[in-house]
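# sequence and predicted structure below; questions after.
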Amino acid sequence: MRWTPALTAIVTLLAPVSSTMVNVAMWAGDGAASNCVESSLRAIEYWNANYAGTYHINVITYASPSDWRTVLETGRDPYTGTHIDVIYVPGGYHPEWHWDPDWIDLLYHAQIDLGIGYVGICAGAYLHAGVTHRGAIGEDLVVDGVTAIDGNRGNGYVSVLIQQNPITPQSTWGKVYEYYYANGPGMAAEDGSVFISDNRWYKVCWLDGKEVRINVQGFGKYVELVSGWAMVLGWYNVKKGDKWEPRGRFVLLGVHPELTERTGAWKLLARALIWAAGYEPKETPTKKQGPSEQTPLVPVPPICSPRSRRACGRSPRATPSCQGT
């Protein structure tokens, strides 16, 4: 299930001339829930229609494991050669089971060697935190400074306290927001981490012969139901001489902003993708091509998801459920 060349061209042509293009490779194959994929596209479409004056998000979807491997190996779309800025894995159920067996090494390569960003929601957060077996909360097979300490708590809305961070607007800091939850992880610092403050830590280790420092920050804390962090961000650094050189960033979300029926939550997904690409998220009104006219705020119609045993979560227009780990 790839976007057709015609559809990809339409997305590119609609990008405002002055915008920076953020190219996102999204897994949409086996293990990705259809309503998580569709709702992610809805959220990004909303961003592009209203706030893409500075950053326009171009999504390319992949369902072929061999194509996905090429993206992780080369950092480019195998058909067009388009440079990929961010890898995005939406909710579902263990998509990594359908990838090549060496996907962990490929992920390290993409993030550390190529400097590509990563955003994972629910299942995408679990796998980056190293949970790859059914129900194995606490398993940690990926070194990223983050581990899952809780999860599989059912479906419904949960409250999350947003703390100071480089992704969400300052107006959100210190406030509690509700987000849709569907068995996602509660996250904490990985063993061997060094704390700088209550919500900031780092870990130094060796990966593929490189000395790596991973900086991590929790920025959304579960208020109820689940222990640990609902939202974390981080980035890899590689030791070069006596300095640390920044490489790929990552954002892991245990909740579903794309399934939350609030446009502010949809913007969180877009802003996470932009930050993971290495930019400072800005909500600049989308400009029309040609004269500098501002495009009116454009609502995006809800996605009516079909019934699916892989549906991730539940909303008024979507069928449950995400099976967690």
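Here it is on my side, so go on.

# now the end-to-end length of stretch 110-121.
By Cα to Cα, to the nearest Å, the extent of stretch 110-121 from end to end equals 18 Å.

# and if you look at stretch 237-255?
Terminal residues of stretch 237-255 lie 27 Å apart, using Cα to Cα.

# pull out the buried residues from that stretch.
By neighbour count on 16 or more other Cβ atoms under 10 Å, the buried set for stretch 237-255 is 237-238, 244, 247-255. For glycine as for every other residue, the C-beta is placed from the backbone atoms N, C-alpha and C.

# nearest to residue 210 among these?
Residue 210 lies nearest to residue 238 out of the buried residues of stretch 237-255, by Cβ to Cβ, at 5.2 Å.

# just for the chain, where's the confidence low?
Within the chain, the stretches with pLDDT under 70 are 1-17, 288-325.

# quick one: the strands in the stretch 51-200 of the chain?
For the stretch 51-200 of the chain, the strands defined by DSSP state E, counting those that start in this stretch occupy 55-62, 86-89, 117-121, 146-150, 155-162, 176-182, 186-189, 194-197, 200-207.

# regarding the protein, what is its longest helix?
When the chain is parsed with DSSP state H, its longest helix is helix 34-50.

# remind me what it packs against, helices and strands.
strand 20-27, strand 55-62, helix 263-276 (3 or more Cβ pairs under 8 Å, 6 or more residues apart in numbering; DSSP states H and E).

# let's have those in a markdown table, adding distance to residue 143 and mean neighbour count.
Shown next, in a markdown table, are those (distance: least, Cβ to Cβ, whole Å; neighbours: other Cβ atoms under 10 Å):
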| stretch | distance to residue 143 | mean neighbour count |
| --- | --- | --- |
| strand 20-27 | 21 | 22 |
| strand 55-62 | 25 | 23 |
| helix 263-276 | 18 | 24 |
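
# and residue 96, which of those is closest to it?
Among these, strand 20-27 comes nearest to residue 96, with 9.3 Å by Cβ to Cβ.

# got a list of contacts for the closest one?
With contact meaning Cβ atoms under 8 Å, 6 or more residues apart in numbering, strand 20-27 is reached by 12, 15, 37, 40, 44, 54-63, 68, 71, 77, 82-90, 95, 124, 273-274, 277, 279.

# paired strands for it, with orientation please.
Using DSSP bridges, strand 20-27 pairs in its sheet with strand 55-62 (parallel), strand 86-89 (parallel).

# which ones among the buried residues of stretch 237-255 map onto strands?
In strands, defined here by DSSP state E, the members of these are 237-238, 244, 247-253.

# relative to residue 119, which of those residues is nearest.
Distance to residue 119 across those (Cβ to Cβ) is lowest for residue 251, with 4.8 Å.

# what's opposite the closest one in the beta bridge?
Beta-bridge partners recorded for residue 251 (DSSP bridges): residue 119, residue 233.

# swap in residue 62?
Per DSSP bridges, the residues bridged to residue 62 are residue 27.

# ditto for residue 204
Per DSSP bridges, the residues bridged to residue 204 are residue 213.

# what number of residues lie near it?
For residue 204, the count of nearby residues is 15 (other Cβ atoms under 10 Å).

# ok, and the closest non-adjacent residue to residue 111?
Residue nearest to residue 111 in three dimensions, not counting chain neighbours: residue 248, with 3.3 Å by Cβ to Cβ, 6 or more residues apart in numbering.

# ok, now how distant is that neighbour from residue 107?
According to Cβ to Cβ, to the nearest Å, residue 248 stands 9 Å off from residue 107.

# shared neighbours, those two?
Common neighbours of residue 248 and residue 107, using Cβ under 8 Å, 6+ apart, are residue 118.

# related to what we said a few turns ago, kindly export the longest helix of the chain (C-alpha atoms) in PDB.
Output of helix 34-50 as PDB, limited to C-alpha atoms (Å, rounded to 0.1, in the frame of the first residue of the first chain):
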ATOM      1  CA  SER A  34      -5.500   1.200   9.400                       C
ATOM      2  CA  ASN A  35      -7.300   3.800  11.500                       C
ATOM      3  CA  CYS A  36      -3.900   4.900  13.100                       C
ATOM      4  CA  VAL A  37      -2.500   5.300   9.500                       C
ATOM      5  CA  GLU A  38      -5.600   7.100   8.200                       C
ATOM      6  CA  SER A  39      -5.900   9.400  11.200                       C
ATOM      7  CA  SER A  40      -2.200  10.300  11.000                       C
ATOM      8  CA  LEU A  41      -2.800  11.400   7.400                       C
ATOM      9  CA  ARG A  42      -5.800  13.400   8.500                       C
ATOM     10  CA  ALA A  43      -3.800  15.200  11.200                       C
ATOM     11  CA  ILE A  44      -0.900  15.900   8.800                       C
ATOM     12  CA  GLU A  45      -3.400  17.100   6.100                       C
ATOM     13  CA  TYR A  46      -4.900  19.500   8.700                       C
ATOM     14  CA  TRP A  47      -1.400  20.900   9.500                       C
ATOM     15  CA  ASN A  48      -0.500  21.300   5.800                       C
ATOM     16  CA  ALA A  49      -3.800  23.100   5.100                       C
ATOM     17  CA  ASN A  50      -3.400  25.500   7.900                       C
END
